[in-house]
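Participant: Quick one, what's the 3D model for this:
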Amino acid sequence: MRAVVLDGDSLGTDLSLREFESLPITLTRYPTTSPEQINERICDAEIVLVNKVVLNADALGQAEKLRYVGVLATGTNNVDTEYCQQHGIRVNNVDGYGTDSVAQHAMMLLLNLATSFAPTTQQVKQGDWSRSPYFCLLDNPVIELAGKHLVIVGYGTLGQRFAELARAFGMKVSVAARPGTTSAERRALDDLLPEADVVSLHCQLSQQTEKLINAERLALIKPSALLINTARGGLIDETALVTALNEGQIAGAALDTLSVEPPPADHPLLQLDLPNLLITPHSAWSAIEARQRLVQIAAERLQAFIEAD
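Facilitator: The predicted structure is shown next:
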């Protein structure tokens, strides 16, 4: 069976695909694939493995032999799954591979904000500590996480793992009800936000959650609170967040995702030069162990498909 990987380098050039070597397939690995190259590369393939390359109905329609699309990620929004369902093409994604990697990244972001790590280390590098008349620098705010109230939005495996880490630091954890729903066990997000010291997003992006954190909800958050997002950039109204940070409506934000990736150079959040804004390049999932686990799971699911065929 002929198989192609369309954007292997998007998983990292240090990653091994050895898990696929024992399968009865002939695998061609492309580092990247432009939209103009898709048709040529999948036209004779029975199996397509893809991370972020968009496979719409037009592209899929050119692959008459295609039987299986393995998405090397959790989200399948880059694949026209409706077309695949109508034409008997199996689509499998990979979930659960990066729980520990993402949770530790979220905690890293929170600890950085809580300790003013970035501006403080910058002060040391520029010589402020060496010039100080005192034994330490106390120019930047530092808070303890113990006793602080964490509100989590999205309580799947990622949200649960982050809650475990937060409790280990002595934080009080509340889980907000899903947007648009009510729950006897969980309070509404709008009720929790005024009490939150930290708000951390771990939910999926959908019509119900798009721009979930908007100007109105940012106004509910107290000025001393911190916002963490390791989920999807579209969960936050970025224009409203720029305003909130500039006006001191919240104490800080740390983001691993933006609404457009890669972001344009003139993205409003990238233009801010604030010590209380941290942005990482969608790298929370990128621990080598997590990425290799992703490949292993993808290979196992492809093997199950081949054996069941």
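
Participant: Next one: the spatially closest residue to Leu17 that is not a sequence neighbour from Gly156, what distance?
Facilitator: In space, and not counting its chain neighbours, Leu17 is closest to Val295: 6.1 Å by C-beta to C-beta, 6 or more residues apart in numbering. For every residue, glycine as well, the C-beta is placed using N, CA and C. Val295 sits 22 Å away from Gly156, going by C-beta to C-beta, to the nearest Å.

Participant: same check, this time on Asp80
Facilitator: Using C-beta to C-beta, we find Asp80 at a distance of 25 Å from Gly156.

Participant: Of these two, give the one with the bigger neighbour count.
Facilitator: Neighbour count, other C-beta atoms under 10 Å: between Asp80 and Gly156, Asp80 has more, with 22 against 13.

Participant: does that one really touch Ala63, like I thought?
Facilitator: No - Asp80 is beyond contact range of Ala63, at 11.8 Å (criterion: C-beta atoms under 8 Å).

Participant: Apart from its neighbours in sequence, what residue is nearest Ile236?
Facilitator: Spatial nearest neighbour of Ile236, excluding adjacent residues (C-beta to C-beta, 6+ apart): Ile213 at 4.6 Å.

Participant: Give the buried residues for stretch 241-261.
Facilitator: Across stretch 241-261, burial judged by 16 or more other C-beta atoms under 10 Å covers 241-242, 244-245, 249-259.

Participant: And that stretch, how far out from the chain middle?
Facilitator: Centroid displacement of stretch 241-261 relative to its chain, using C-alpha atoms, centre = their mean, to the nearest Å, is 16 Å.

Participant: what's the answer for stretch 267-287, then?
Facilitator: 12 Å.

Participant: So what touches that stretch?
Facilitator: With contact meaning C-beta atoms under 8 Å, 6 or more residues apart in numbering, stretch 267-287 is reached by 12, 97-98, 100-102, 104-106, 109, 112-113, 116, 118-119, 140, 230, 238-239, 241-242, 245-246, 251-258, 260-263, 291.

Participant: Can you give me the buried ones in it?
Facilitator: If you call a residue buried by 16+ other C-beta under 10 Å, then stretch 267-287 has these buried ones: 267, 269, 275-280, 282, 284-287.

Participant: Could you give the separation between the terminal residues of it?
Facilitator: 26 Å (C-alpha to C-alpha, to the nearest Å).

Participant: What average pLDDT does it get?
Facilitator: Here stretch 267-287 scores 96 as its mean pLDDT.

Participant: now stretch 7-23
Facilitator: pLDDT averaged over stretch 7-23 gives 91.

Participant: and it, how far apart are its ends?
Facilitator: Distance across stretch 7-23, first residue to last, is 20 Å (C-alpha to C-alpha).

Participant: before we move on, what about stretch 163-173?
Facilitator: 7 Å.

Participant: and Thr181, what is it in contact with?
Facilitator: No contacts exist for Thr181 under C-beta under 8 Å, 6+ apart.

Participant: I'd assumed it was in a helix, is it?
Facilitator: No - secondary structure of Thr181 (DSSP: H, G, I helix; E, B strand; the rest coil): coil, not part of a helix.

Participant: how close does it get to His105?
Facilitator: Taken as C-beta to C-beta, the span from Thr181 to His105 is 28 Å.

Participant: following whichever strand or helix holds Glu82, which helix or strand shows up next?
Facilitator: Using DSSP states H and E, the element containing Glu82 is helix 81-86. Proceeding N to C from helix 81-86, the next assigned helix or strand is strand 90-92, under DSSP H and E.

Participant: Report all helices and strands that that following strand contacts.
Facilitator: Packed against strand 90-92 by the contact rule (3 or more C-beta pairs under 8 Å, 6 or more residues apart in numbering; DSSP states H and E) you find strand 68-71, helix 81-86, helix 288-308.

Participant: To Pro24, which of those lies closest?
Facilitator: Taking C-beta to C-beta, helix 288-308 is the member of the helices and strands packed on strand 90-92 nearest to Pro24, at 6.5 Å.

Participant: Quick one: list the elements packing against that closest one.
Facilitator: Partner elements for helix 288-308 (3+ C-beta pairs under 8 Å, 6+ apart): strand 47-50, strand 68-71, strand 90-92, helix 99-115.

Participant: Just the buried residues of that helix, please?
Facilitator: Counting neighbours by 16+ other C-beta under 10 Å, one finds that the buried residues in helix 288-308 are 290-299, 301-303, 306.

Participant: ok, which stretches of the stretch 1-150 of the chain are helices?
Facilitator: Using DSSP state H, counting those that start in this stretch, the helices of the stretch 1-150 of the chain run over 38-42, 57-61, 81-86, 99-115, 117-125, 128-131.

Participant: Mean neighbour count for these - can I get that in CSV?
Facilitator: What follows is the helices of the stretch 1-150 of the chain, written out as CSV (neighbours: other C-beta atoms under 10 Å):
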stretch, mean neighbour count
helix 38-42, 18
helix 57-61, 16
helix 81-86, 14
helix 99-115, 21
helix 117-125, 14
helix 128-131, 10
